[in-house]
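Q: Could you look at this predicted model? Sequence included:
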Amino acid sequence: MRDLLTAGLTALDLDPAAADKLARYAELLLEKNKVMNLTAITAPRDVATLHLLDCAALAAQLDLSGKRVIDVGTGAGFPGMVLAILTPDARFTLLDSLGKRVDWLRETCDDMGLSRVTCVHARAEEFAGEHRQAYDMATSRAVAALPLLSELALPLVKVGGCFLAMKSVDSDAEIDSARGAIGQLGGKIEAIRDYTIPGTDVTHRVVIIRKVKDTPPQFPRSWARMKKAPLK
């Protein structure tokens, strides 16, 4: 796995020396996955490419150095943990609503010496109440429609900052349907970038949403309200 990660990081113009730490993270992930459902992808090569190098591609899109970043719905740490390993001078908050996952992420950060990573057990719409517009960047690889993700993430981002949403390349209709919601939340789609994961023929997409004005105070709404009446 290390050789594959080294080659992939080199292809992304990222530090190949991070391959060892990424491989350690994968080792801890697969070990814990034997007793907790963290990932359906378990073949080491696929973990390296479809998880680690896919997330690493975000670090090649924008400079995260020195930034304060929150990963919304981090799950097993994607993309937040990968980005933290690749950008040790940034500060990361890994946010998830499932306590057991957050406990494991804390253990993993301790094991790997990632002292600039904070793992938080909370719902994003509630966390935003005390951390409004506190972050330079937000990321999400969560499986939710872009209007919902934007309402969860953009209230957390400072004006001038951005939200990076990882999506599939067949998300054109979803992106178009989210433009009105993004505008209401103070954002504007700045770029849509497709990339091929190194070592594969798989192409994924990152939607870069710039925060251009304050998010109105009524957002985010409750999760139930968001799902019942998504912004348009």
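A: Perfect, thanks for sending it.
Q: Please read off the pLDDT at Ile41 from the model.
A: For Ile41, the model assigns a pLDDT of 89.
Q: again, but for Glu130
A: Reading off the model, Glu130 has pLDDT 89.
Q: May I have the secondary structure class of it?
A: When classified by DSSP: H, G, I helix; E, B strand; the rest coil, Glu130 comes out as coil.
Q: now it: how far from Val120?
A: Using C-beta to C-beta, to the nearest Å, Glu130 is found at 11 Å from Val120. Every residue, glycine included, has its C-beta placed from N, CA and C.
Q: now do Ala181
A: 25 Å.
Q: picking up where we left off before, same drill for Glu130 and Val120, tell me which one is more crowded.
A: Per other C-beta atoms under 10 Å, whichever of Glu130 and Val120 has more neighbours is Val120, with 18 against 8.
Q: pull the longest strand from the chain.
A: strand 157-168 (DSSP state E).
Q: Mind listing what's buried along that one?
A: Going by neighbour count (16 or more other C-beta atoms under 10 Å), the buried part of strand 157-168 is 157-158, 161-167.
Q: do the same with stretch 55-67
A: Buried, per 16+ other C-beta under 10 Å, within stretch 55-67: 55-60, 62, 64, 67.
Q: now swap in stretch 172-182 and tell me
A: Buried residues in stretch 172-182 (16+ other C-beta under 10 Å): 175, 178-179, 181-182.
Q: quick one: low-confidence parts of the protein?
A: Within the chain, no range satisfies pLDDT under 70.
Q: now do 90
A: Scanning the chain for pLDDT under 90 picks out 2, 41-42, 61-62, 129-130, 142-144.
Q: That one: strands as residue ranges?
A: Under DSSP E, the chain gives strands at 68-72, 91-96, 117-121, 135-140, 157-168, 187-196, 203-211.
Q: would you turn these into CSV with distance to Arg24?
A: Listed next are the strands of the chain as CSV, based on distance: least, C-beta to C-beta, whole Å:
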stretch, distance to Arg24
strand 68-72, 19
strand 91-96, 17
strand 117-121, 14
strand 135-140, 21
strand 157-168, 23
strand 187-196, 25
strand 203-211, 24
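Q: Nothing else from me, thank you.
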